[in-house]
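1. Take this sequence and fold it.
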Amino acid sequence: MKNSFQAIIKWASIGNLAHLGIAVTSTYIAKDNMLLMVLVTLLTLGIWFFTGFFMGKSTIKFKEADYLLLGVVSILPIVSFTVAGQVLEGISSTLSTLQNYNLLYFIGAPVLFWNNPFYPIMDLFRDSNIYIQININIIIVFFVVFAGGYFGRSVKIHQLKKSRKISKAQ
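-> All right, here's what the predicted structure looks like:
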């Protein structure tokens, strides 16, 4: 269990660092260039998929629950900021203007920065609440990471079966 949790932390950290790198580069892309923004979104989802894939392919010891845990740990930082933003927005009617600006800069800015590569997905739900758009992005990342881990595990199982057949044939 200890080794699997260390691997989960390792791959979740790699995925989050890669996501932050893509988020930095996507801030320099014009939002009206939709084709380029879609490519950035696909690159981001590809990074998350391969994060799960490489963890799943690394060893056969991991169970399906480990890939679910990888998905949860991967989105945990942004979920904490998003939940804090949603909760604090509810009490913001009693805050002063300066306190609202502080809330935006310390809680809202990281949430918006993390969701920057998902602009095309957020643009699909333009009329809905911003937190619904953000929650959709988080759920998509969770499922993409889980699917990548599960697919990586199935590739590893297929490789092991193939190598056993070759060794039995010899």
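
2. for whichever helix in the chain runs longest, which positions count as buried?
-> Longest helix in the chain, counting residues (DSSP state H): helix 130-169. By neighbour count with 16 or more other Cβ atoms under 10 Å, helix 130-169 contains the buried residues 130, 133-134, 136-138, 140-142, 144-153, 156. Backbone N, C-alpha and C define where each C-beta goes, glycine included.

3. Identify the residues contacting residue 134.
-> 82, 111, 115, 122 (Cβ atoms under 8 Å, 6 or more residues apart in numbering).

4. whoops, I mixed them up, residue 12
-> Applying Cβ under 8 Å, 6+ apart, the residues near residue 12 are 51, 70, 73, 74, 76.

5. what's the distance between it and residue 5?
-> 10 Å (Cβ to Cβ, to the nearest Å).

6. Mutual contacts of these two, please.
-> By Cβ under 8 Å, 6+ apart, no residue touches both residue 12 and residue 5.

7. ok, back up a step: out of the contacts of residue 134, which is nearest to residue 27?
-> residue 115 (11.6 Å; Cβ to Cβ).

8. got the angle for the strand or helix carrying residue 18 vs helix 130-169?
-> According to DSSP states H and E, residue 18 maps onto helix 2-26. For helix 2-26 against helix 130-169, the angle by axes from the mean of the first three to the mean of the last three Cα atoms, to 10 degrees is 130 degrees.

9. Can you name the next helix or strand after helix 2-26?
-> Next in line after helix 2-26, if elements are assigned by DSSP H and E, sits helix 34-58.

10. from the chain's centre, how far out does that next one sit?
-> 9 Å (Cα atoms, centre = their mean, to the nearest Å).
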